[in-house]
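Next one to model:
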Amino acid sequence: MGNKIIINVDDIEEFDDRHNQYRQISAPLLIGIILLPIIFSWFTLQDGYSTAARTISLIWMILSLGIFIPLIITLGALGALVFFSSL
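Take a look at the predicted model:
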């Protein structure tokens, strides 16, 4: 009537072997991280990616947001200024 849990030692070793190897970042994911880090950097938080890959992609996301958002705001303001001054 009691439930028994059987653990196979070979399964534990196989599990550890699988998780000791890190996934490589594929070319499409790397391109996505470079071009649209706000979307693609989050994929490195899945199991299997190294801490270095996660850190670099998330730092790039933060830096790109810090660079490109003010740039877009500035260019948008300049575009609006040019547009309204031509009226």
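
Chain neighbours aside, what residue packs nearest to Ile34?
Nearest non-adjacent residue to Ile34, counting by C-beta to C-beta, 6 or more residues apart in numbering: Trp60, 7.6 Å away. All C-beta spots, glycine's among them, are computed from the backbone N, C-alpha and C.

my guess is the one you found contacts Ser41, does it?
Yes: look at Trp60 against Ser41 with C-beta atoms under 8 Å: they come within range, at 6.9 Å.

okay, and the common contacts of those two?
Ile33 (C-beta atoms under 8 Å, 6 or more residues apart in numbering).

Please identify which of those two sits among more neighbours.
Neighbour count, other C-beta atoms under 10 Å: between Trp60 and Ser41, Ser41 has more, with 22 against 14.

where's the more buried one relative to Ser86, distance?
Separation of Ser41 from Ser86 (C-beta to C-beta, to the nearest Å) stands at 39 Å.

helices or strands up against the strand or helix carrying Leu75?
Using DSSP states H and E, Leu75 sits in helix 51-85. Where contact means 3 or more C-beta pairs under 8 Å, 6 or more residues apart in numbering; DSSP states H and E, helix 51-85 is packed against helix 27-35, helix 37-40.

residue contacts, the residue sitting nearest the centre point of the chain?
Centroid-nearest residue in the chain, with C-alpha atoms, centre = their mean: Ser41, separated by 1.5 Å. Ser41 sits next to Ile33, Ser57, Leu58, Trp60, Met61 when contact means C-beta under 8 Å, 6+ apart.

Now the two most distant members of those residues.
Ile33 and Leu58 (9.7 Å; C-beta to C-beta).

The residue nearest to Tyr49 when sequence neighbours are not counted: neighbour count?
If the residues on either side of it in the chain are set aside, Tyr49 comes closest to Arg23, at 5.6 Å by C-beta to C-beta, 6+ apart. When neighbours are defined as other C-beta under 10 Å, Arg23 has 13 of them.
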